[in-house]
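Peer 1: Return a 3D structure for these sequence lines:
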Amino acid sequence: MVQFGLKDAKNKLSELVTMALLGETVIITRQGESQSIQLTPIPAPHPASGFGMLREQLADLPADWNSPEAEAEFLNQFEALGE
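Peer 2: Just a heads-up that it's a prediction; the model follows:
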């Protein structure tokens with residue numbers, strides 16, 4: 001764990017961020033105050049999560065992909081797998 005005053009942290013912010021990203025606990029304090037903050041990395045979001053994640057794969061769907069006929073065809077193919 002490393003601890004820096006606000007003035008020093010301001011001058012070394014890039015270095016402190018790098019240290020925090022590498023797993024070091026970085027504490028920043030203000031002179032004369034009992035409160036402090038801790039720099040902590042935020043986990044990167046899972047690349048396959050989130051709204052619109054399949055946009056590229058679904059872009060080529062035919063215009064009638066959800067028609068009753070298409071649904072009936074899908075169900076027939078699905079049922080054929082169980083036979």
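Peer 1: The residue positioned nearest the centre of the chain: what secondary structure?
Peer 2: Residue closest to the mean C-alpha point of the chain, counted by Cα atoms, centre = their mean, is P45 at 1.5 Å. With DSSP: H, G, I helix; E, B strand; the rest coil as the basis, P45 sits in coil.
Peer 1: For this protein, give me the ranges with low pLDDT.
Peer 2: 46-50, 83 (pLDDT under 70).
Peer 1: Tell me which stretches of it form helices.
Peer 2: 6-11, 13-21, 55-58, 68-81 (DSSP state H).
Peer 1: Tell me which of the ones you listed sits nearest to Q31.
Peer 2: helix 6-11 (7.1 Å; Cβ to Cβ). Using the backbone N, CA and C atoms, a C-beta is placed for each residue, glycine as well.
Peer 1: Could you give the separation of the closest one from the chain centroid?
Peer 2: 29 Å (Cα atoms, centre = their mean, to the nearest Å).
Peer 1: now for it, which elements pack on it?
Peer 2: strand 26-29 (3 or more Cβ pairs under 8 Å, 6 or more residues apart in numbering; DSSP states H and E).
Peer 1: which parts of the strand it packs on are buried?
Peer 2: Applying a neighbour-count criterion of 16 or more other Cβ atoms under 10 Å, one finds V26, I28, T29 buried in strand 26-29.
Peer 1: need the contact list for the second one.
Peer 2: Put plainly, it is I28. I28 is in contact with Q3, F4, G5, L6, A9, L16, S36, I37, Q38, L39, counting by Cβ atoms under 8 Å, 6 or more residues apart in numbering.
Peer 1: Apply 7 Å and report the result again.
Peer 2: For I28, the contact set (Cβ atoms under 7 Å, 6 or more residues apart in numbering) comprises F4, L6, A9, S36, I37, L39.
Peer 1: what's across from the nearest residue to the first one once chain neighbours are set aside in the sheet?
Peer 2: Closest residue to F4 in three dimensions, ignoring its sequence neighbours and counting by Cβ to Cβ, 6 or more residues apart in numbering: I28, at 5.6 Å. In this structure, I28 bridges to F4, I37 when assessed by DSSP bridges.
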